[in-house]
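A.B. asks: Dropping the sequence and predicted coords here.
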Amino acid sequence: MNLPRKEPQSEVESTLRQGAWFGATAILAYLALFKLLLHLLTNSNYGYFRDELYYMAAGERLDLGYVDFPPFVALVTAFSRLLLGDSMVALRFLPALAGALVVVLAGLMARELGGGRFAQGLAALATLVAPSFLVMGTFITMDAFDQLFWVSAAYVLILILRRDRPRLWLLFGLIAGLGVLTKITMLYFGFAVFVALLLTSSRRCLLTPWPWLGGAIAVLFLLPYVYWQITHGWPTVEFWADYGEKVDPASPIEFLIEQVLTMQPLTLPLWLAGLYYYLFSRDGRTLRPLGLIYVLLFALFAIQNAKFYFLAPPTPCSSPRARCPWSVSSGGAAGPGSSPLTRRFCWWEVSRSHPWSCPSSPSRRSRASRAPGSSRSAVRKGSFRSTSPTGSAGRTWWRPLQGSTTRYRWRTAPRPASSPPTTVKRGP
């Protein structure tokens, strides 16, 4: 009796069937849940970040746009305060949730590239321990949602290129439209995608109507913001023209070093292996636009002297395949096979970028930068630098400043002419 021959399962299918509790999907869920709980348990350790106060004020005055950001973050802040309240944990729940979804998407990218359970967990773990992603879940900021939309759009782009599903360009346009309403840097991503498609064999996608329809959807999301700019005299253009250089300008080499440090140095082999696969591997020819997108964005942001975290969102899409020897032998960040010293260093990197380990008061240099007589130009040139990360320093500076400003205004406020002079009663 001839039994039907059993077809061999792919590596992805076998890892998905190894058990509900220890399968690839479960591993991604555990890592995402760990990141979410990490933020929920520690996000109330410090006060409000200065930008959070700005977004709260904007949420009370909803509009189609603002001088230095589109309306999405103000809508999210107002929605969060309406449903969850004004506590720091409630206000920072949605950014923490966005960061957890980014971890899941990084693992799903590795799965789509043919990676098994180990590769998917490794890609998700490398994203979880990256300080640039970890810190954005500690306060409400447009960068937390900007990262989510960038990574989501990159994942959809992988599906389009690998599975040849052009209708997904409509979903790509929807995500890009939300990204534009979050932060206008999404326009850089769209430009890089267009150029990367032109420079590779994937340019045939542009011969179909679907990418153009997706771009039209993104433009529809942008139109209300453009209308607000026109009716208000293009204040955002004036803002960015006067924005000048960032506080700590960096050369292209320094910008590269910042990427290595803020994306976790131990995970550098993973990103390099992914870029090699996209740019030079014969198997990665279909996904070559992804490698070019990262190179183009790096060049654009380095030339414009952009802040280091602008380049963080496209990094997870360069996670390598499971069969790449680098992803198996390196062990990743505190992954299987790593030494105890490596695991301790990885945990130190995670804790260093999270507010639970930051000092409770500004450093001496932080106070010097706010001392009377210190010029603003000196601060902009980097003469005074805080030893605390911006994510923690911005939570502690404003309270002493608020108190001193209130006391100064109370002492110098003019008194009504009809009120009698204030007398101080002395003791016996």
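C.D. replies: Here it is on my side, so go on. Residues are numbered from 1 along each chain as shown.
A.B. asks: from here on, contacts and neighbour counts on C-alpha atoms
C.D. replies: Will do.
A.B. asks: so where's this structure uncertain?
C.D. replies: Residue ranges of the chain with pLDDT under 70: 1-19, 243-248, 317-428.
A.B. asks: can you tell me which helix or strand residue 238 belongs to?
C.D. replies: Using DSSP states H and E, residue 238 sits in helix 235-243.
A.B. asks: buried set for that helix?
C.D. replies: 235-236 (16 or more other CA atoms under 10 Å).
A.B. asks: Same question for stretch 66-75.
C.D. replies: 66, 69-75.
A.B. asks: Straight-line length of it, end to end?
C.D. replies: End-to-end distance for stretch 66-75, by CA to CA, to the nearest Å: 12 Å.
A.B. asks: doesn't residue 181 make contact with residue 70?
C.D. replies: Yes. In this structure residue 70 lies within contact range of residue 181 using CA atoms under 8 Å: 5.2 Å.
A.B. asks: Common neighbours of these two, please.
C.D. replies: residue 225 (CA atoms under 8 Å, 6 or more residues apart in numbering).
A.B. asks: Quick check: nearest residue in space to residue 215, chain neighbours excluded?
C.D. replies: residue 173 (5.4 Å; CA to CA, 6 or more residues apart in numbering).
A.B. asks: what's around residue 142, how many residues?
C.D. replies: Applying other CA atoms under 10 Å, we find 24 residues neighbouring residue 142.
A.B. asks: got the contact list for it?
C.D. replies: 72-73, 182-183.
A.B. asks: Mark which of the buried residues of stretch 66-75 are part of helices, please.
C.D. replies: Per DSSP state H, helices hold the following members of these: 72-75.
A.B. asks: Now render these as a markdown table, adding distance to residue 158.
C.D. replies: Shown next, in a markdown table, are those (distance: CA to CA, whole Å):
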| residue | distance to residue 158 |
| --- | --- |
| 72 | 26 |
| 73 | 27 |
| 74 | 31 |
| 75 | 30 |
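A.B. asks: Quick check: residue 109 touching residue 155?
C.D. replies: Yes. With contact defined as CA under 8 Å, residue 109 counts as touching residue 155 (6.1 Å).
A.B. asks: Which one's more surrounded, those two?
C.D. replies: residue 109 (28 against 20).
A.B. asks: helices or strands up against the one helix or strand the more buried one maps to?
C.D. replies: Element membership for residue 109, per DSSP H and E: helix 93-112. For helix 93-112, the packing partners by 3 or more CA pairs under 8 Å, 6 or more residues apart in numbering; DSSP states H and E come out as helix 24-42, helix 117-128, helix 142-163.
A.B. asks: same thing but 10 Å
C.D. replies: With contacts defined as 3 or more CA pairs under 10 Å, 6 or more residues apart in numbering; DSSP states H and E, the packing partners of helix 93-112 are helix 11-16, helix 24-42, helix 72-84, helix 117-128, helix 131-134, helix 142-163.
A.B. asks: Next up, the contacts around residue 27.
C.D. replies: Contacts were defined as CA atoms under 10 Å, 6 or more residues apart in numbering; by that measure residue 27 touches 20-21, 33, 104, 107, 117-118, 120-122, 124-125.
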